[in-house]
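Chemist: model this:
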Amino acid sequence: MLFYKRFEARQEMSKTKKIYVSEYTEEILSVPKAHIKLELLQDSTGLKLTHNQQLLISTDLSIEGMKAGILMSLALGIDLPPENQTVRVNVTSGILHKVISVVSVDFDTEGADQVLQALLEEIDTMQAVARTSPSSHSSNKKAPGDAG
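Modeler: Residues are numbered from 1 along each chain as shown. So this is what the prediction gives:
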């Protein structure tokens with residue numbers, strides 16, 4: 001019964017939050033990678049995070065959607081792109097997983113601010129570790145087995 005209540009609440013949240021996470025995102029995360037090339041685009045409908053021109057996450061221009069979009073850009077460590085422009089970023093699969101967690105938080109629940117703060121702090125730590133690791137010096141090179 002508790003699972004059903006959580007599922008029902010999740011469905012209601014997605015109706016009001018206007019955030020979409022594609023199945024392709026799960027495919028990308030199924031194999032850990034050190035370098036995933038992403039693009040964040042802002043257009044007249046909202047923000048879109050893509051990999052190899054395939055949609056991973058989109059948020060609309062609603063208040064909730066834009067909150068999620070701003071938090072997504074913070075989690076990625078990049079600025080929001082101006083309308084009709086794109087910002088490129090390389091991240092690990094671990095960071096992408098945390099980005100999905102950030103946009104999935106129900107902002108209206110009690111404790112959401114603390115959860116978001118903890119997630120963003122974890123991402124900061126992960127990014128700092130990635131910057132200081134020996135493999136980070138070649139971050140613009142394609143990782144073995146990474147199609148993009």
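Chemist: hey, where'd the helices end up in this structure?
Modeler: 2-17, 23-29, 63-76, 93-104, 112-132 (DSSP state H).
Chemist: next, format those helices as CSV and append mean neighbour count.
Modeler: All C-beta atoms are positioned from the backbone trio N, CA, C, and that covers glycine. Listed next are the helices of the chain as CSV, based on neighbours: other C-beta atoms under 10 Å:
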stretch, mean neighbour count
helix 2-17, 11
helix 23-29, 14
helix 63-76, 19
helix 93-104, 19
helix 112-132, 14
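Chemist: can you list those in a markdown table and add distance to Leu55 and mean pLDDT?
Modeler: Below are those laid out as a markdown table (distance: least, C-beta to C-beta, whole Å; pLDDT from 0 to 100):
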| stretch | distance to Leu55 | mean pLDDT |
| --- | --- | --- |
| helix 2-17 | 16 | 43 |
| helix 23-29 | 7 | 92 |
| helix 63-76 | 13 | 92 |
| helix 93-104 | 13 | 90 |
| helix 112-132 | 21 | 86 |
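Chemist: and of those helices, who's closest to Glu83?
Modeler: Glu83 lies closest to helix 63-76 among these, at 12.3 Å (C-beta to C-beta).
Chemist: how far out from the middle of the chain is that closest one?
Modeler: 9 Å (C-alpha atoms, centre = their mean, to the nearest Å).
Chemist: please apply the same query to stretch 22-29.
Modeler: With C-alpha atoms, centre = their mean, you get 12 Å for stretch 22-29.
Chemist: sorry, back to before: just send the helices of the chain back as TSV, with distance to Thr86 too.
Modeler: Output for these, formatted as TSV (distance: least, C-beta to C-beta, whole Å):
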stretch	distance to Thr86
helix 2-17	23
helix 23-29	18
helix 63-76	12
helix 93-104	17
helix 112-132	20
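Chemist: right, and these - which one's nearest Gln53?
Modeler: It is, among the helices of the chain and with distance given as C-beta to C-beta, helix 23-29, at 10.8 Å.
Chemist: quick check, central residue of this protein?
Modeler: Val99 (3.1 Å; C-alpha atoms, centre = their mean).
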